[in-house]
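A.B. asks: Predicted model and sequence below, questions to follow.
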Amino acid sequence: MSIFESIKMAFSSLFAHKLRSILTMLGIIIGVGSVIAVVAIGQGGEAVLKSMFSGEANTIELMYMPSDEEIEADPSILYEDAFTQTDIDMIESIPEIEKVVSSSTESTNVRYQQESTESMVIGINQAYIDVHGLEIAHGRNLVAADFLGGSRAAIVSEEMKDELFEDGEEKDASELLGTVVYMNNQPIEIVGILEAEDNFFGLSMNSAYIPMNTWQTVFADTAITEVSIKANSADELEIAGEKAAAMLNTFHEKDDAYQILNMEEIADGIGKITRIMTIIISSIAGVSLLVGGIGVMNIMLVSVTERTREIGVRMSLGATRGQILFQFLVEAMTLTLIGGLIGMALGSGTALLVSHFAGWQPLVSLPVIVGGILFSMLIGVVFGLLPANKASRLDPIESLRYE
């Protein structure tokens, strides 16, 4: 008997007991579907987190971190400005560096008429716009004239707009542009509203962006807290970072207080953590595959008992023990394969649905799908082996007498 005849007989047996077959496949469907969904969602989340932390291409962060010895020798070092405009000007002279991005952040009360909210006010330079950009929904972005003249202009987030302006969503956004709000009791004009952050993590902030000169005036502070550099190319990124750190350490007479922080390495570390969590969760979900396999074995044993007389007839007509064994293995594999395909469709659909609402690219991995289907077939072989072996060892004469 050929393999095609075995598959045909397997389908005939499954369709003869439709409800029983569906209930048996349920464990396989849930197992394969949950594993594919968990892995796909985990990979999508990992990609989003890595993109959030890795930053723009060819950029690297500079950080100021005095050593314990320096802090013990001079505790006031912790209150020194991390970076100054002089530092920025020096770093810009390094040949490998294309742009130097600087920003400063302060939490303060922002007020409009009777409404107020605590917000993060971020002072930025022109390079920040050039490298990172800001997605504007209404109004305009900050332009070179704003940075050169230190204009009192701000771009605010959707969250700040909703906090400060009652029924802000119902108003025409153009009505809010040109409105003057007070940041740290200083008047600032809203010239633009950022695109709303629509993501699964809800990481959007109540924030406003203003030119660095304006920020320093509003808060009476010349400190620059964050600096990152963009290299001319990815190959020069590490060299540019090392040169910038060395230049600042030399100028300020520090012992490696200025260091480079490669965000890609942090992103890789986050990726490893998310992969471990995905493996753990998918392993737990995979337990349902084993439960489904036990269900397959149970039903196949029932099937062998029900078809004892049929097995005796086939053996009396010349069927070998190997053919009987193969026939029941094919039936078990067919049962689990169909369950695996249905589980693949459900798992992929779930992952695509979650990625749609989460706002990230769907990552349904082909190797995971193929692996899930092959594993479901393996479950069929492993848990179908005992019933198939029992069927092949039946005595033909006793089988023919079976009622």
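C.D. replies: Looks like it arrived, so ask away.
A.B. asks: you'd agree Gly318 is in a strand?
C.D. replies: No - counting by DSSP: H, G, I helix; E, B strand; the rest coil, Gly318 is not found in a strand; it is coil.
A.B. asks: so what's it up against?
C.D. replies: Not one residue lies near Gly318 by C-beta atoms under 8 Å, 6 or more residues apart in numbering. All C-beta atoms are positioned from the backbone trio N, CA, C, and that covers glycine.
A.B. asks: Is it correct that Gly33 is in contact with Leu341?
C.D. replies: No - the criterion here is C-beta atoms under 8 Å, and Gly33 misses it with Leu341 at 10.4 Å.
A.B. asks: So these two - more neighbours on which side?
C.D. replies: Gly33 (25 against 18; other C-beta atoms under 10 Å).
A.B. asks: so how far is the helix or strand in which that one is found off the chain centroid?
C.D. replies: Counting by DSSP states H and E, the element that carries Gly33 is helix 18-54. Computed by C-alpha atoms, centre = their mean, to the nearest Å, the chain-centroid distance of helix 18-54 equals 14 Å.
A.B. asks: again with stretch 387-395
C.D. replies: 49 Å.
A.B. asks: Same check on stretch 314-330?
C.D. replies: Distance, centroid of stretch 314-330 to centroid of chain: 50 Å (C-alpha atoms, centre = their mean).
A.B. asks: Report the buried residues of that stretch.
C.D. replies: For stretch 314-330, burial by neighbour count (16 or more other C-beta atoms under 10 Å) applies to Arg314, Met315, Ala319, Ile324, Leu325, Phe326, Gln327, Phe328, Leu329, Val330.
A.B. asks: name the helices or strands packed onto the helix holding Gly33?
C.D. replies: If contacts are counted by 3 or more C-beta pairs under 8 Å, 6 or more residues apart in numbering; DSSP states H and E, helix 18-54 sits against helix 263-306, helix 321-358, helix 366-392.
A.B. asks: That helix to helix 366-392, inter-axis angle?
C.D. replies: Helix 18-54 and helix 366-392 are oriented at 150 degrees to each other (axes from the mean of the first three to the mean of the last three C-alpha atoms, to 10 degrees).
A.B. asks: surely Ser119 meets Ile188?
C.D. replies: No - with contact defined as C-beta under 8 Å, Ser119 and Ile188 do not form a contacting pair (11.2 Å).
A.B. asks: Return every residue with contacts to both of the two.
C.D. replies: With C-beta under 8 Å, 6+ apart, Ser119 and Ile188 have common neighbours Ala208.
A.B. asks: Find the nearest non-adjacent residue to Asp130, please.
C.D. replies: The spatially closest residue to Asp130, leaving aside those adjacent along the chain, is Lys99, at 6.0 Å (C-beta to C-beta, 6 or more residues apart in numbering).
A.B. asks: from the chain's centre, how far out does the helix or strand containing that neighbour sit?
C.D. replies: In this assignment (DSSP H and E), Lys99 forms part of strand 97-112. Offset of strand 97-112 from its chain centre (C-alpha atoms, centre = their mean): 27 Å.
A.B. asks: Return the set of buried residues in it.
C.D. replies: Ile97, Glu98, Lys99, Val100, Val101, Ser102, Ser103, Ser104, Glu106, Thr108, Val110, Tyr112.
A.B. asks: again with stretch 70-89
C.D. replies: Glu70, Ala82, Phe83, Thr84, Asp87, Ile88.
A.B. asks: nearest to Tyr128, of those?
C.D. replies: Using C-beta to C-beta, Ile88 comes nearest to Tyr128 of those, at 11.7 Å.
A.B. asks: For Ala332, give its distance to Leu386.
C.D. replies: 10 Å (C-beta to C-beta, to the nearest Å).
A.B. asks: picking up where we left off before, beta partners of the residue nearest to Asp130?
C.D. replies: Following DSSP bridges, Lys99 is listed with bridge partners Lys230.
A.B. asks: give the contact list for it.
C.D. replies: Glu92, Ala127, Asp130, Val131, Ile229, Lys230 are the contacts of Lys99 under C-beta under 8 Å, 6+ apart.
A.B. asks: can you pick the most crowded of those?
C.D. replies: Greatest neighbour count in the contacts of Lys99, by other C-beta under 10 Å, goes to Ile229: 29 neighbours.
A.B. asks: That one touches Ala244, doesn't it?
C.D. replies: Yes - shown here, Ile229 and Ala244 form a contact pair, counting by C-beta under 8 Å, at 5.8 Å.
A.B. asks: which neighbours do those two share?
C.D. replies: Listed as contacting both Ile229 and Ala244 by C-beta under 8 Å, 6+ apart are Leu62, Ile91, Ile97.
A.B. asks: Any stretches of the stretch 51-200 of the chain with poor pLDDT?
C.D. replies: For the stretch 51-200 of the chain, the stretches flagged by pLDDT under 70 are 51-58, 78, 166-174, 197-200.
A.B. asks: Glu236: neighbouring residues, count only.
C.D. replies: Glu236, neighbours per other C-beta under 10 Å, totals 17.
A.B. asks: Chain neighbours aside, what residue packs nearest to it?
C.D. replies: In space, Glu236 is closest to Glu96, 4.2 Å off (C-beta to C-beta, 6+ apart).
A.B. asks: Could you double-check that that neighbour lies in contact with Glu242?
C.D. replies: No - with contact defined as C-beta under 8 Å, Glu96 does not count as touching Glu242 (9.6 Å).
A.B. asks: In terms of neighbours, single out the busier of those two.
C.D. replies: Set Glu96 next to Glu242 and count neighbours by other C-beta under 10 Å: Glu96 wins out with 18 against 14.
A.B. asks: after the strand holding Lys99 comes which helix or strand?
C.D. replies: strand 115-124.
A.B. asks: So which bits of that following strand are buried?
C.D. replies: For strand 115-124, by 16+ other C-beta under 10 Å, it's Ser119, Met120, Val121, Ile122, Gly123, Ile124.
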